[in-house]
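Trainee: Okay, predicted coordinates and the sequence, questions at the end:
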Amino acid sequence: KAGVTQTPRYLIKTRGQQVTLSCSPISGHRSVSWYQQTPGQGLQFLFEYFSETQRNKGNFPGRFSGRQFSNSRSEMNVSTLELGDSALYLCASSSGLGATTEAFFGQGTRLTVV
Amino acid sequence: AQKITQTQPGMFVQEKEAVTLDCTYDTSDQSYGLFWYKQPSSGEMIFLIYQGSYDEQNATEGRYSLNFQKARKSANLVISASQLGDSAMYFCAMRGSNSGYALNFGKGTSLLVTP
């Protein structure tokens, strides 16, 4: 059974550009959530999608958006990139929603904004 | 609000020894899940072990066990027989209804296993 796949692994973008990151969850999993990891702020929740609907959103500006497709694959978009957006972006896949549901992560996309 | 505290920024352990990584949490949720993840330098977040708030027995997964003390709100990870490949960052996390089931992470503990 394939794990969570995130593409691309590495990205270098210029300030002001936009970027799209992709996440393919474990087969059969319908929940995808995104996290940003930085040395200063640690791991912070961005948003969660379940069955193509955004179920939960973290405290990030509107420049950060996402969507989920009917095959459960998810994309995250960041517009008007800022230097502070440089981070490791991690996607997690779960079979459902709830406190007791395990979450499995991909390898992450390391975004560098210059 | 939920809060996860990992008080050990860095830990050393000798190969084959056991090590305990501390995690305390604060939540008003009655039902919640506690998780431990390992993050090697490659960046991938590897799921290790899970404990539900209503589980009476401590979770175990191979060399990993979770010492769950609900009254103390602690969920320490015990790694037995440490191996060099265990050197990594370790994160404690929880999810519950108060956070909309988003994972809340601690700041992590860096574990170094020495020969």
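Mentor: Right, received. Where do you want to start?

Trainee: where's the spatially most central residue of chain A, which helix or strand?
Mentor: Chain A has A:W34 as the residue nearest its centroid, 3.1 Å off, counting by CA atoms, centre = their mean. Assessed by DSSP states H and E, A:W34 sits inside strand A:31-38.

Trainee: now do B:I4
Mentor: Assigned by DSSP H and E, B:I4 falls in strand B:3-5.

Trainee: what is the rounded mean pLDDT of stretch B:28-48?
Mentor: Taken as a whole, stretch B:28-48 has a mean pLDDT of 94.

Trainee: For it, what is the distance to the chain centroid?
Mentor: Chain-centre distance of stretch B:28-48: 6 Å, with CA atoms, centre = their mean, to the nearest Å.

Trainee: before we move on, what about stretch A:2-9?
Mentor: Stretch A:2-9 sits 11 Å away from the centroid of its parent chain (CA atoms, centre = their mean).

Trainee: Pull up the pairing partners for the helix or strand just after the strand holding B:I4, direction included.
Mentor: Counting by DSSP H and E, the element after strand B:3-5 in chain order, helix or strand, is strand B:10-14. Counting by DSSP bridges, the strands paired with strand B:10-14 are strand B:109-114 (parallel).

Trainee: Just the buried positions in the partner strand, please.
Mentor: B:T109, B:L111, B:V113 (16 or more other CB atoms under 10 Å in any protein chain shown). C-beta: built from backbone N, CA, C; applies to glycine.

Trainee: Now for the second one: which residues touch it?
Mentor: When you say that, I think you mean B:L111. B:G10, B:M11, B:F12, B:V13, B:V19, B:L21, B:I79, B:D86, B:S87, B:A88, B:M89, B:Y90 (CB atoms under 8 Å, 6 or more residues apart in numbering or on different chains).

Trainee: again, but for B:K38
Mentor: B:M45, B:I46, B:L48, B:D86, B:A88, B:M89, B:Y90, B:F91.

Trainee: and the third one, helix, strand or coil?
Mentor: Assigned with DSSP: H, G, I helix; E, B strand; the rest coil, B:L48 falls in the strand class.
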